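# How does the following fold in three dimensions:
(chains A and B)
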Protein chains: 2
Amino acid sequence: MSTLPPTIQKVIAHFSALPGIGQKTAERLVFYLLKQNREQTLDFGQALLGLKQNIQLCNQCGQYAEQNLCSICADKRRDQNILCIVAEAIDVAALEKSGQFHGLYHILHGLLNPTENITPEKLNLKTLENKLRQGYVQEIILALNPTVEGETTNLYLIKLLKKYTIKITKLARGLPQGGDLEYADEVTLANAFKGRTNV
Amino acid sequence: MSTLPPTIQKVIAHFSALPGIGQKTAERLVFYLLKQNREQTLDFGQALLGLKQNIQLCNQCGQYAEQNLCSICADKRRDQNILCIVAEAIDVAALEKSGQFHGLYHILHGLLNPTENITPEKLNLKTLENKLRQGYVQEIILALNPTVEGETTNLYLIKLLKKYTIKITKLARGLPQGGDLEYADEVTLANAFKGRTNV
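The predicted structure is shown next:
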């Protein structure tokens, strides 16, 4: 690759630093961009700059936003009494797609993980407690990943939030839609049994 | 996704417009970038702008370059008598990796394709003929993709270049290294028979 101009090598390096994109794919993407029209690629570059220049964290929930409040926290039609706690900002997009939830979110920006030195102080918990002290929230839904780190964080939060006498729920565990019983792992199956519902 | 700030939606749209990157992957990449440090993402954005601001086509071969001449055409140690014709700029990187070729390249920026209206006028042929008229080139290697478009373009070039009385060769066809005889298609096998070599 040493025969390529430094400008091109630099863009390839940036693309191949992204998760799941190797050297070959990065080269293919950059040569694709070189063939695209000038305006489109310049707009892409400007948009990337905007990602760091225009984006801040929402004061209330910690979501990425262009103002002090994100579009969800600023939307007065949303149910202010119910709060869904997620680990990462990207989880909000996934949950919104379900169309089932009309309350507010709170983003922790991580999960407890002692081996990686992610302690409660590193999570976005201060604004959470501020919000709860205001007394509006009546139910908290824990929507963390069903992993060891997720369950550890659930236990920590349940203990932390006990003093607020708020109803705390967590997302149901069970068989994923379209999944195959034969390939489901034993924990998923055990959870499906435990959480079985009347028909 | 409508709850995401327009700035973020815009970057997601640009990523998902790239070949092989869907909406989900684009979202994942952008949320990854949002977590990275400011300098790195700003540098990525600047590098993308540079792709259109600093890059031009080499006067001689049509490769992407930062000056009038690309690094290969400017390298006087390379054999000026042998010219390898490729379809796309990215092919040069692949051929350079083989370490077998020390001559110069010429990039057509496409292959003849009547159904997509890619006619000889659309290919980078003018500078090729200018180069040949200078009389330095003694051998031309056709290194186009072994496809219908590649073979069509080979035939056109052979006819076009006949008047220069230059030796014309094309890359060998045969079994790819590490390939499995059982899964080789019949054209590859027929080519492997036709091109068999003494041992």
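# Now do the helices in chain A.
Taking DSSP state H to define them, one finds helices in chain A at A:6-16, A:23-35, A:38-53, A:89-98, A:126-133, A:148-161, A:186-194.
# Quick check: buried residues in the least confident helix or strand in chain A by mean pLDDT?
Across the helices and strands of chain A, mean confidence by mean pLDDT, DSSP states H and E is lowest for helix A:186-194: a mean of 85. The neighbour-count criterion (16 or more other Cβ atoms under 10 Å in any protein chain shown) identifies A:188, A:191-192 as the buried residues of helix A:186-194. No exception for glycine: its C-beta is placed from N, CA and C like everyone else's.
# From these, pick the one nearest chain B.
Using Cβ to the nearest Cβ, residue A:188 comes nearest to chain B of these, at 22.1 Å.
# What's the per-residue pLDDT of the residue nearest to the closest one when sequence neighbours are not counted here?
Using Cβ to Cβ, 6 or more residues apart in numbering or on different chains and skipping residues adjacent in sequence, the residue nearest residue A:188 is residue A:175, 6.5 Å away. As summarised for this prediction, residue A:175 has a pLDDT of 83.
# same question, residue A:170
The predicted structure scores residue A:170 at 89 on the pLDDT scale.
# nearest residue to it other than its sequence neighbours?
Spatially, and ignoring its direct neighbours in sequence, residue A:170 is nearest to residue A:142 (4.1 Å; Cβ to Cβ, 6+ apart).
# do the same with residue A:138
Residue nearest to residue A:138 in three dimensions, not counting chain neighbours: residue A:81, with 4.4 Å by Cβ to Cβ, 6+ apart.
# got a list of what that neighbour touches?
A:103, A:136-139 (Cβ atoms under 8 Å, 6 or more residues apart in numbering or on different chains).
# Which parts of chain A belong to which domain?
Structural domains assigned to chain A are A:6-54, A:75-170, following automatic domain parsing.
# in chain A, which residue is closest to the centre?
Nearest to the mean C-alpha position of chain A, counting by Cα atoms, centre = their mean, stands residue A:88 at 2.5 Å.
# From chain B, how far out is the spatially closest residue to residue A:73 that is not a sequence neighbour?
In space, not counting the residues next to it along the chain, residue A:73 is nearest to residue A:60; the distance is 4.4 Å by Cβ to Cβ, 6+ apart. With the distance defined as Cβ to the nearest Cβ, to the nearest Å, residue A:60 ends up 14 Å from chain B.
# ok so, going back, thought the residue nearest to the centre of chain A was touching residue B:31?
Yes. The pair residue A:88 / residue B:31 is scored as a contact, 7.0 Å apart, by Cβ atoms under 8 Å.
# quick revisit: residues contacting the residue nearest to residue A:188?
Listed by Cβ under 8 Å, 6+ apart, the contact partners of residue A:175 are A:181, A:184, A:188-189, A:192.
# Would you mind finding the most buried of the domains of chain A?
Stretch with highest mean neighbour count among the domains of chain A: domain A:6-54 (a mean of 18; mean count of other Cβ atoms under 10 Å in any protein chain shown).
# Tell me how far that one lies from the chain's centre.
Using Cα atoms, centre = their mean, to the nearest Å, the distance from the centre of domain A:6-54 to the centre of the chain it belongs to is 24 Å.
# one step back: how about the buried residues of helix A:186-194 in a markdown table, adding distance to residue A:13?
What follows is these, written out as a markdown table (distance: Cβ to Cβ, whole Å):
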| residue | distance to residue A:13 |
| --- | --- |
| A:188 | 40 |
| A:191 | 43 |
| A:192 | 46 |
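# now, which of those sits nearest residue B:155?
Here the nearest of the buried residues of helix A:186-194 to residue B:155, counting by Cβ to Cβ, is residue A:188; it sits at 59.1 Å.
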